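Chemist: from the sequence below, what's the structure:
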Amino acid sequence: MILSKLHLLRHIRSFAVSAAVRQETTTTVWTPTPLLKISPAAESLFHVTVDVSDSPQLAASYTKAGQYLQIRVQNPNARPTFLAISSPPNIAVSRGVFEFLVKSIAGSTAEILCGLRKGDVVELSPAIGKGFQIDRISPPGSYQTVLIFATGSGISPIRSLIEEGFDAEKRSDVRLYYGARNLKRMAYQERFKDWKASGVDIVPVLSRPDDSWIGERGFVQAAFSRAKRILSPQSTGVVLCGQRKMAEEVTSILVADGVSSEKILKNF
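Modeler: The predicted structure follows:
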């Protein structure tokens, strides 16, 4: 059977990605680290804390919010998986820990990880990736509006960014559009008060809320389209993390409104 051109391209791309992952895995330096804590964060989401206090080089590899790493568990059937680090870089130095927000998906390495216990050993790669290039939307006086969009577990590196600090209190309009299916699936609600105090206005958006919900409904891109309120596209910065469709649609909306694509930040 002759593959369609589109099918063939997808097959080639999938093969290339798999080959790249295999190559990176074989050249990665792995550091054994013990788990300190695993606890529920929301429905299907878990807080995972790893002790890196005895691995100063590993801790020092994490320098910018938005970076991620590979993690592997002691299971012959589990492949290494990529996880964004949810704790800010200064926590790695001051407390000797990496924190993660992990979505448990049936049959995945993440599911195995979320089923482990305190003291179990996992292996971590050094932190990789460019992180969020906040210098592109600095100084704050020149970028008074910062729009942040996250869906599901994509809030993980956003937590790192907010708690690391990006001078939100010096900007006039910082909004976080945070999408989840319902409140039971929305992590970090206990941190919202502190995030607001740091200068971030939080807009929860639920795609399948119960009848008591009076906030924004649907998807974050639609909620943003209803609000807009961009006073100056030239002084607007954007941070994105989450579903690809959300990121693509938000980018299209903002670029059409005059926001520079160079000021739309992603962590990979």
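Chemist: who touches A247 in this structure?
Modeler: The contact partners of A247, taken as Cβ atoms under 8 Å, 6 or more residues apart in numbering, are F149, L240, C241, K266. Placement of C-beta: from N, CA and C, glycine included.
Chemist: need the longest strand for the protein.
Modeler: strand 31-42 (DSSP state E).
Chemist: against Y143, how distant is the residue nearest to K118 when sequence neighbours are not counted?
Modeler: Of all residues not flanking K118 in the chain, L35 sits nearest, at 5.7 Å (Cβ to Cβ, 6 or more residues apart in numbering). As for L35, its distance to Y143 is 39 Å (criterion: Cβ to Cβ, to the nearest Å).
Chemist: who's more crowded, those two?
Modeler: The neighbour comparison of L35 against Y143 (other Cβ atoms under 10 Å) goes to Y143, with 23 against 18.
Chemist: report pLDDT for that one.
Modeler: At Y143, the pLDDT value in this model is 97.
Chemist: ditto for R10
Modeler: 46.
Chemist: next helix or strand past the longest strand of the chain?
Modeler: strand 45-51 (DSSP states H and E).
Chemist: now the angle from that next one to strand 31-42?
Modeler: Inter-element angle recorded for strand 45-51 and strand 31-42: 150 degrees (by axes from the mean of the first three to the mean of the last three Cα atoms, to 10 degrees).
Chemist: which strands or helices does whichever helix or strand comes after strand 45-51 pack on?
Modeler: Scanning forward in sequence from strand 45-51 by DSSP H and E, the next helix or strand is helix 56-60. When contacts are defined as 3 or more Cβ pairs under 8 Å, 6 or more residues apart in numbering; DSSP states H and E, helix 56-60 packs onto strand 31-42, helix 89-94.
Chemist: give me the low-pLDDT residue ranges for the stretch 1-150 of the chain?
Modeler: Applying pLDDT under 70 to the stretch 1-150 of the chain picks out residues 1-26.
Chemist: need the strands for it, in chain order.
Modeler: With DSSP state E, counting those that start in this stretch as the criterion, the stretch 1-150 of the chain has strands at 31-42, 45-51, 68-72, 81-84, 97-103, 121-124, 145-151.
Chemist: ok, residues contacting the last one?
Modeler: The reference is to strand 145-151. 137, 158, 161, 166, 168, 171-180, 200, 220-221, 224, 230-232, 235-243, 246-247, 250, 254.
Chemist: next one: the helix or strand that comes right after that strand to chain centre, how far?
Modeler: Sequence-wise, the next helix or strand downstream of strand 145-151 (DSSP H and E) is helix 155-164. Distance, stretch centre to chain centre, for helix 155-164: 7 Å (Cα atoms, centre = their mean, to the nearest Å).
Chemist: strand 45-51 and the very next helix or strand once past helix 155-164, what's the angle between them?
Modeler: Going down the chain from helix 155-164, the next helix or strand is strand 173-180, by DSSP H and E. Here the directions of strand 173-180 and strand 45-51 differ by 110 degrees (the same axes, to 10 degrees).
Chemist: for the next helix or strand after strand 173-180, what is the distance to the chain centroid?
Modeler: Once strand 173-180 ends, the next helix or strand along the chain (criterion: DSSP H and E) is helix 192-197. Centroid separation between helix 192-197 and its chain, computed with Cα atoms, centre = their mean, is 18 Å.
Chemist: run through who's touching helix 192-197.
Modeler: With contact meaning Cβ under 8 Å, 6+ apart, helix 192-197 is reached by I162, E163, L176, I202.
Chemist: can I get the buried part of those as one PyMOL selection?
Modeler: This is the PyMOL syntax for the buried subset of the contacts of helix 192-197, where burial follows 16 or more other Cβ atoms under 10 Å:
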select buried, resi 162+163+176+202
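Chemist: and which of the contacts of helix 192-197 is nearest to E216?
Modeler: Nearest to E216 out of the contacts of helix 192-197 is I202 (Cβ to Cβ; 10.8 Å).
Chemist: surely the closest one is in a strand?
Modeler: Yes. Checked against DSSP: H, G, I helix; E, B strand; the rest coil, I202 lies within a strand.
Chemist: next one: it from Q234, what distance?
Modeler: Applying Cβ to Cβ, the value for I202 to Q234 is 25 Å.
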